[in-house]
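Peer 1: dropping the sequence and predicted coords here.
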Amino acid sequence: MAIAQRRWYQWLDERYGLSRVSDFMRHKTVPMHRGSVWYYFGGITLFFFIVQVLSGILLLLYYRVGAESSYESVRFITTKVPFGWLIRSIHSWGANLMILTALIHMFSVFFERAYAKPRELTWITGMILLGLAMFFGFSGYLLPWNQLAFFATKVGTDIVGVIPGIGGFMLRLLRGSEDVTGATLARFFGLHAALLPAIFVLFLFIHLMFVQVQGMSEPQGRSKKAKPMPFFPNFVLRDLLLWLVVLNLLALLAVFFPWELGVKADPFAPAPAGIRPEWYFLALFQVLKFLPAKVAAVDGELLGVLGIGLGFALWALFPLWDRAAAAGRRQAWVTIVGIIAVTAFAALTALGWVLA
């Protein structure tokens, strides 16, 4: 048996260079220090994406897109399909947990200055993945075609419409018409099930390639460091063990807090009270609510959208502003900016949840 295995390995190695891959795995290590625990959140985010893909494929077996069929197909999944309610809850909870762990991963990278040279593109591709993940959530929110999702999508796409120059075009491109209709549902389904996964997988491959080639960054300004841990099998096994833990957490949430379907969307019904977007958009939503209708003759909503877009762009390009990090110096103002960003995001999210 062993001889046959060696022959198969040699046959594959001659054609695909498996020995180079195994040699890379044997020599790859993970830096060990007090903040090593933050390394695992990137892997947890990847795990939740895998869960989203698998559960999404199962839901696609029964989901039918259309203003007259989407709600009924989701209700059929949750009431008639064996364990359909569980798969839908796993998909919905997994989406939220994926964005939560992605945000934790982003802020941990920021505070550890892991975006510094030569990892600028790793940070930027990570920010693109975060934006795509949030767009995933926005596009998937409408697919059950319930009342809350209908009006939340209407409000969200209205915000896109205020962008000067291209706002009207973007609004019609997203909705398929001037209003949220079955055409909007079909376009969001195409985005959620086809276009966004393809783009996400492309950037995910690039991001993981950058991480593997450059290795995991070591925090600056820390002299006490333990012996590096072999990536395989030590770190991989710990990562898999943590995946098992979060899988149990996801299962508990899905079982004890199943995702509700709500009432079918009715474009002629009044907007329900307390309408709000998903929690990861609440901070942005609350900022727009705080702004007055006019700010020095400029539309307040337009000013807010432009300000949020500029802020996100500056954050995504932060490696260009923190030049000292490339030289191994930690500047206090960077830490202050990070603390302000985390505090503002958490406070505005909580405020948006309470006031909605």
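Peer 2: Structure's in. What do you need?

Peer 1: which residues in this protein form strands?
Peer 2: In the chain, the strands defined using DSSP state E lie at 29-32, 226-230, 294-295, 298-299.

Peer 1: so who does Ser217 touch?
Peer 2: Listed by C-beta atoms under 8 Å, 6 or more residues apart in numbering, the contact partners of Ser217 are Pro31, Glu112, Arg113, Ala114, Ala116, Arg119. Any C-beta I mention is one placed from the backbone N, CA and C, and that applies to glycine too.

Peer 1: about what we covered before: let's have the strands of the chain in JSON lines, adding distance to Gly338, mean neighbour count and mean pLDDT.
Peer 2: What follows is the strands of the chain, written out as JSON lines (distance: least, C-beta to C-beta, whole Å; neighbours: other C-beta atoms under 10 Å; pLDDT from 0 to 100):
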{"stretch": "strand 29-32", "distance to Gly338": "21", "mean neighbour count": "17", "mean pLDDT": "86"}
{"stretch": "strand 226-230", "distance to Gly338": "25", "mean neighbour count": "13", "mean pLDDT": "81"}
{"stretch": "strand 294-295", "distance to Gly338": "28", "mean neighbour count": "12", "mean pLDDT": "80"}
{"stretch": "strand 298-299", "distance to Gly338": "30", "mean neighbour count": "13", "mean pLDDT": "80"}
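
Peer 1: out of the ones you listed, nearest to Val305?
Peer 2: For the strands of the chain, proximity to Val305 was assessed by C-beta to C-beta; strand 298-299 is nearest, at 9.3 Å.

Peer 1: off-centre distance for that closest one?
Peer 2: Strand 298-299 has its C-alpha centroid displaced from the chain centroid by 31 Å (C-alpha atoms, centre = their mean, to the nearest Å).

Peer 1: partners of it, with directions?
Peer 2: strand 294-295 (antiparallel) (DSSP bridges).

Peer 1: list the contacts of the partner strand.
Peer 2: Gly300, Leu303.

Peer 1: return the set of buried residues in stretch 185-201.
Peer 2: For stretch 185-201, burial by neighbour count (16 or more other C-beta atoms under 10 Å) applies to Leu185, Arg187, Phe188, Phe189, Leu191, His192, Ala193, Leu196, Pro197, Phe200.

Peer 1: how about stretch 71-78?
Peer 2: Of the residues in stretch 71-78, those buried (16+ other C-beta under 10 Å) are Tyr71, Ser73, Val74, Ile77, Thr78.

Peer 1: swap in stretch 262-270?
Peer 2: Buried-residue list, stretch 262-270, by 16+ other C-beta under 10 Å: Gly262, Lys264, Ala265.

Peer 1: next one: the last one from Trp259, what distance?
Peer 2: To tie it back to what came earlier, the one meant is Ala265. 16 Å (C-beta to C-beta, to the nearest Å).

Peer 1: could you do Phe135 as well?
Peer 2: Taking C-beta to C-beta, one finds Phe135 at 20 Å from Trp259.

Peer 1: more neighbours: those two, which one.
Peer 2: Trp259 (20 against 15; other C-beta atoms under 10 Å).

Peer 1: now that one. Nearest residue, chain neighbours left out?
Peer 2: Ser92 (4.0 Å; C-beta to C-beta, 6 or more residues apart in numbering).

Peer 1: pLDDT value on the closest residue to Ala293 other than its chain neighbours, please?
Peer 2: Distances taken as C-beta to C-beta, 6+ apart put Gly300 closest to Ala293, at 5.3 Å, once the chain neighbours are dropped. With respect to pLDDT, Gly300 has a value of 84.

Peer 1: same check on the one 4 residues further on?
Peer 2: Gly304 is assigned 90 on the pLDDT scale.

Peer 1: one more: Gln220?
Peer 2: In this prediction, Gln220 carries a pLDDT score of 64.

Peer 1: now do Met106
Peer 2: Met106 carries a pLDDT value of 97.

Peer 1: now do the same contact list for the spatially closest residue to it that is not a sequence neighbour.
Peer 2: Distances taken as C-beta to C-beta, 6+ apart place Leu130 nearest to Met106, at 6.0 Å, with adjacent residues excluded. Taking C-beta under 8 Å, 6+ apart, we find Leu130 in contact with Ile99, Ala102, Leu103, Met106.
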